[in-house]
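S.K.: Sequence plus the predicted model coming up.
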Amino acid sequence: MAKVVVICTGGTIASRRDAVHGDIRAVANGAELVAELSGLPDDLEVEVVQLFNVGSYALGLPEAFALARRADEELQRPDVAGVVVTHGTDTMEESAFMADLLVASDKPVVFTGAQRLATEDDRDGPRNLSAAIRLAADPRLRGFGAMIAFDEEFHAARDVTKTHTSRVGTFQSAEHGKLGDVDAARIVIYRTPRARCPIPTTRIESAVELIKVSMGSSATFFRAALADGARGLVVEAFGRGNVPPGALEGIRLCAEAGVPVLVTSRCPQGRVQPIYGNGGGKDVAAAGAIFAGDLSGIKARILLSVLVGAGTSREDIIAAVGRVAD
């Protein structure tokens, strides 16, 4: 009999309206969520772990790190085929990517949740959770790393992002495409994700900031980040990796202070390359920034927090970004 461990952290899938406060809160526990399910294979055992019970907007990098380590710990058990994580959608892609970078086991870790409350008649949580459990138990998905299962699709943690605030089909993988579908009782695989290189570390660095540039951005936020003790910085630049003069000055200040800077694009698709001169991406690279391929800003921040936490040298950060980014 296959066993899947469901690690519950809260989110909309566990949320209900609170009559006292007049808002929505994560209150349902994991056992309640699993008890609602039907149609799972008879030879599948589900074990529930309640790790947190909050909206994912309240989670930080330390909690995502603890979650990834707990998932890896559960996967070390020989009787466990895979792990499912129920999680709020706001930061699900960040926690999933953290797990993809840190989990050493090749058994699947499948994140899921909901866009609709647990008390709504057309709630999507039970369907998503049922699909995620079946995916986690499927031996064909060993080596796929962390994934997100949502609205009858599953996606690689590295590639997927939340694209709509409220629709149930919010998670998409843009130009990379989904890994496959959960079609009734069938799991259909369309592609395999890129090879993983788990990063061994016992800690992460939370003091990694993300700055998005806009027309005429200055060095103000860079200086503030340095003054506040930032140990790493990610810049969402224009297009191919270009920034305004003020932001270029800020990148130079960080590089001179020994703070690693990763550059991504604020565009939702495509990759950065140091092409333009006269203050463009070539000057950004010359100032000491590391270009992070097609990683989004929030994924690059997760990667940098892991690398800095592991005590990685600048040369090894460049090599690791090259392995993970495209």
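M.R.: Now that the structure is in, tell me what you want to look at. Everything numeric in this text was worked out from a predicted model, so none of it was measured.

S.K.: what's the spacing between Ala26 and Thr12?
M.R.: Distance from Ala26 to Thr12, counting by C-beta to C-beta, to the nearest Å: 8 Å. Any C-beta I mention is one placed from the backbone N, CA and C, and that applies to glycine too.

S.K.: who's more crowded, those two?
M.R.: Between Ala26 and Thr12, counting by other C-beta atoms under 10 Å, Thr12 is the more crowded of the two (26 against 23).

S.K.: for the closest residue to that one other than its chain neighbours, what are its contacts?
M.R.: Distances taken as C-beta to C-beta, 6 or more residues apart in numbering place Ala114 nearest to Thr12, at 4.8 Å, with adjacent residues excluded. By C-beta atoms under 8 Å, 6 or more residues apart in numbering, the residues touching Ala114 are Gly11, Thr12, Ile13, Thr89, Arg123, Asp124, Gly125, Asn128.

S.K.: One more: Tyr276?
M.R.: Contacts of Tyr276 by C-beta under 8 Å, 6+ apart are Arg240, Asn242, Lys282.

S.K.: Arg196 now?
M.R.: For Arg196, counting by C-beta under 8 Å, 6+ apart, the contacting residues are Asp100, Gly143, Gly145.

S.K.: quick one: which of the contacts of Tyr276 has the most company?
M.R.: Asn242 (24 neighbours).

S.K.: Correct me if wrong: it contacts Gly280.
M.R.: Yes. Using C-beta atoms under 8 Å, Asn242 is in contact with Gly280, at 4.3 Å.

S.K.: any idea which helix or strand carries the residue nearest the centre of the chain?
M.R.: Within the chain, the residue whose C-alpha comes closest to the C-alpha centroid is Glu94; the distance, by C-alpha atoms, centre = their mean, is 2.3 Å. Secondary structure from DSSP states H and E places Glu94 in helix 92-102.

S.K.: Could you pull up the mean pLDDT of that helix?
M.R.: Average pLDDT, helix 92-102: 98.

S.K.: Could I have the CA atoms of the helix or strand just after it written out in CSV?
M.R.: Moving toward the C-terminus from helix 92-102, the next helix or strand (DSSP H and E) is strand 109-112. Extracted C-alpha coordinates of strand 109-112, given in CSV (Å, rounded to 0.1, in the frame of the first residue of the first chain):
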residue,chain,number,x,y,z
VAL,A,109,6.5,17.0,-3.6
VAL,A,110,3.2,18.3,-4.8
PHE,A,111,1.8,21.7,-3.7
THR,A,112,-1.9,22.5,-4.0
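
S.K.: what's the next secondary structure element after strand 109-112?
M.R.: From strand 109-112, the next helix or strand downstream (DSSP H and E) is helix 125-136.

S.K.: just checking, what packs against that following helix?
M.R.: strand 2-10, helix 30-35, strand 44-54, strand 80-86, strand 109-112, strand 146-150, strand 180-183 (3 or more C-beta pairs under 8 Å, 6 or more residues apart in numbering; DSSP states H and E).

S.K.: what is the mean pLDDT for it?
M.R.: Across helix 125-136, pLDDT averages out at 96.

S.K.: quick check, distance from that helix to the centre of its chain.
M.R.: Relative to its chain's centre, helix 125-136 lies at 18 Å (C-alpha atoms, centre = their mean, to the nearest Å).

S.K.: In it, which residues are buried?
M.R.: Gly125, Pro126, Arg127, Asn128, Leu129, Ser130, Ala131, Ala132, Ile133, Arg134, Leu135, Ala136 (16 or more other C-beta atoms under 10 Å).

S.K.: So what does the residue lying closest to Met215 once chain neighbours are set aside look like in phi/psi?
M.R.: Distances taken as C-beta to C-beta, 6+ apart place Pro244 nearest to Met215, at 6.9 Å, with adjacent residues excluded. Dihedral pair for Pro244: phi -70, psi 160, per degrees, to the nearest 10.

S.K.: Quick check: Pro244 vs Gly309, distance?
M.R.: Pro244 is 30 Å from Gly309, by C-beta to C-beta.
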